[in-house]
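In: Coordinates for the following, if possible.
(one chain, ligands or ions: 1)
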Amino acid sequence: MSKPFLFPSYIELDKKALQTNIQFLRGRTDKNLKISVVIKGNAYGHGISTFLPMAEECGMNHFSVFSADEAFDALNARTNPETRIMIMGMIRNEELEWAIENEIEFYLFENSRLDKAYAVAKKMGKKANVHLQLETGMNRTGFHREEWEPLFKKVNSLKEDITVAGICTHYAGAESMANHYRVQRQNEQFREAVRLAKKYFDKLPLFHTSSSAAYLTYPEMHYDMVRLGISVYGLWPSRETFMYALKKNRKHADDPLKRVLSWKSEIMSTKWVDEGEFIGYGNIFLASSRMRIATVPIGYSHGFGRNLTNAGYVLIHGERARVVGLVNMNMITVEITDMPKTAKGDEVVLIGAQEGQDITVASFSEMTNNLNYEVLTRIPQDFPRKIKG
Ligand SMILES: *Cc1c(COP(=O)(O)O)cnc(C)c1O
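Out: This is a model prediction of the structure:
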């Protein structure tokens, strides 16, 4: 049974923003590129089950997850049987049969996994759809250079049971110029793989290497497909990528990407506190004059970090209300002395817009010293997600 009670806060998704982002991203290339939308980390906190069908409605039909359990969620969420799901990371041998049965694509980066996938596919009489991940310099997972030729030869000979849907690699930080040479060297390695693959494959797979940062910075790395996460959600991989993209694309005076997610709650209670009193635990905040405060049911257990103590702010009626005192496990107190209209039940925005004011994910990340990726994925999985409008 689903819970009959409302959660203390919720996530709102903006479909128009998503459409805008997809349109902008498609416009970044002349090629007929395939876009795989990366939805690992519960769709960057947006919620796979709500986000995926919304993205399908915006024309997306390929999604990348990290692990088999996320692929399971994506499979349950999809509304179009043509929608493809790709596992870029963790899958166990015991999960291969399920993946093959449901035509889930998955990365291969070890020979033992290739042998296993082949055996399972053969037994099932159903083809496995795999992407060969190549080691080009990230040094995480992937087949090494000396393995490429024997690997290509081998999988091509197994084509009755194994379809190589893609050959891919991942760059070690295309969002920063500091990694420019490393990323360039990786791409040179990959170009060598493309050359070799042409020699060994009867039917060429899709080549793919780029996440958002590489896609927006290095057109020569687009190949046939790109795996886009953060930019689809309307955020930039880094300030550097943003500056670079703006410089190349002067017709956009302001940010062409629109944030899809908002995070909202409501006022739980209000009260007056006398001058000279401490607010909340310990002696973290002293009221230097008579103050009115509101409690908001959001705390560090919800991803609202303790480092926002005496430092963060939220929006109420389009005005900033600062956090006073410690961030608790499930609650914060904010000052509303100069907001006489404010009452219990009023909307509180933690991330998002309200009456012309805005708290961006970037400003939230700056407040908390976290990457925007981290802020988003820390939003609990069980918070309700609804589509705006
Ligand atoms: C997360 C991830 C992406 C997407 O990265 P963004 O910066 O969010 O676009 C692409 N490829 C792989 C392998 C990833 O793990």
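In: where exactly do the helices run in this protein?
Out: 15-26, 40-44, 48-57, 68-77, 96-101, 111-124, 145-157, 180-200, 212-217, 239-248, 361-368, 372-377 (DSSP state H).
In: quick one: which of those helices is nearest Ala321?
Out: Smallest distance to Ala321 across the helices of the chain (CB to CB): 13.7 Å, for helix 361-368. Where C-beta positions appear, they are placed from N, C-alpha and C, glycine not excepted.
In: related to what we said a few turns ago, which of the helices of the chain sits most buried?
Out: helix 212-217 (a mean of 25; mean count of other CB atoms under 10 Å).
In: The residue of the chain found nearest the ligand - how many residues pack around it?
Out: Going by CB to the nearest ligand atom, the ligand is nearest to Gly229 of the chain, at 2.4 Å. As a burial measure, Gly229 scores 21 neighbours (other CB atoms under 10 Å).
In: Pretty sure it sits against Ser211.
Out: Yes. Assessed by CB atoms under 8 Å, Gly229 is found in contact with Ser211 at 6.4 Å.
In: quick one on the thing from earlier: weakest of the helices of the chain by average pLDDT?
Out: Per-stretch mean pLDDT for the helices of the chain is lowest at helix 361-368 (a mean of 75).
In: For it, which helices and strands make contact with it?
Out: Applying 3 or more CB pairs under 8 Å, 6 or more residues apart in numbering; DSSP states H and E, we find helix 361-368 packed against strand 347-354, helix 372-377.
In: which bits of this protein sit near the ligand?
Out: 38, 40, 88, 170, 211-213, 227-231, 237 (CB under 6 Å from any ligand atom).
In: how about the strands of the stretch 251-389 of the chain, start to end?
Out: 261-266, 269-273, 291-296, 313-316, 319-322, 332-335, 347-354, 357-359, 385-387 (DSSP state E, counting those that start in this stretch).
In: Please export the C-alpha coordinates of the fourth one as PDB.
Out: The reference is to strand 313-316. What follows is strand 313-316, C-alpha atoms only, in PDB (Å, rounded to 0.1, in the frame of the first residue of the first chain):
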ATOM      1  CA  TYR A 313      18.400  30.600   2.900                       C
ATOM      2  CA  VAL A 314      15.000  29.700   1.500                       C
ATOM      3  CA  LEU A 315      12.300  31.700  -0.400                       C
ATOM      4  CA  ILE A 316       9.000  32.600   1.200                       C
END
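In: can you give me the mean pLDDT across that strand?
Out: Here the average pLDDT along strand 313-316 is 96.
In: what does the longest one give?
Out: pLDDT averaged over strand 347-354 equals 96, rounded to a whole number.
In: List the residues that contact the closest residue to Asp73 other than its chain neighbours.
Out: Spatially, and ignoring its direct neighbours in sequence, Asp73 is nearest to Ile48 (4.6 Å; CB to CB, 6 or more residues apart in numbering). Residues near Ile48 by CB atoms under 8 Å, 6 or more residues apart in numbering: Ile39, Asn42, Val65, Glu70, Asp73, Ala74, Ala77.
In: just curious, which of the residues you listed is nearest to Met329?
Out: For the contacts of Ile48, the nearest to Met329 is Asn42 (21.2 Å; CB to CB).
In: quick revisit: any chance of JSON lines for the strands of the stretch 251-389 of the chain, columns distance to Asn32 and mean neighbour count?
Out: Rendered in JSON lines, the data for the strands of the stretch 251-389 of the chain read as follows (distance: least, CB to CB, whole Å; neighbours: other CB atoms under 10 Å):
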{"stretch": "strand 261-266", "distance to Asn32": "29", "mean neighbour count": "22"}
{"stretch": "strand 269-273", "distance to Asn32": "56", "mean neighbour count": "14"}
{"stretch": "strand 291-296", "distance to Asn32": "48", "mean neighbour count": "21"}
{"stretch": "strand 313-316", "distance to Asn32": "42", "mean neighbour count": "23"}
{"stretch": "strand 319-322", "distance to Asn32": "45", "mean neighbour count": "17"}
{"stretch": "strand 332-335", "distance to Asn32": "48", "mean neighbour count": "25"}
{"stretch": "strand 347-354", "distance to Asn32": "35", "mean neighbour count": "20"}
{"stretch": "strand 357-359", "distance to Asn32": "36", "mean neighbour count": "17"}
{"stretch": "strand 385-387", "distance to Asn32": "29", "mean neighbour count": "16"}
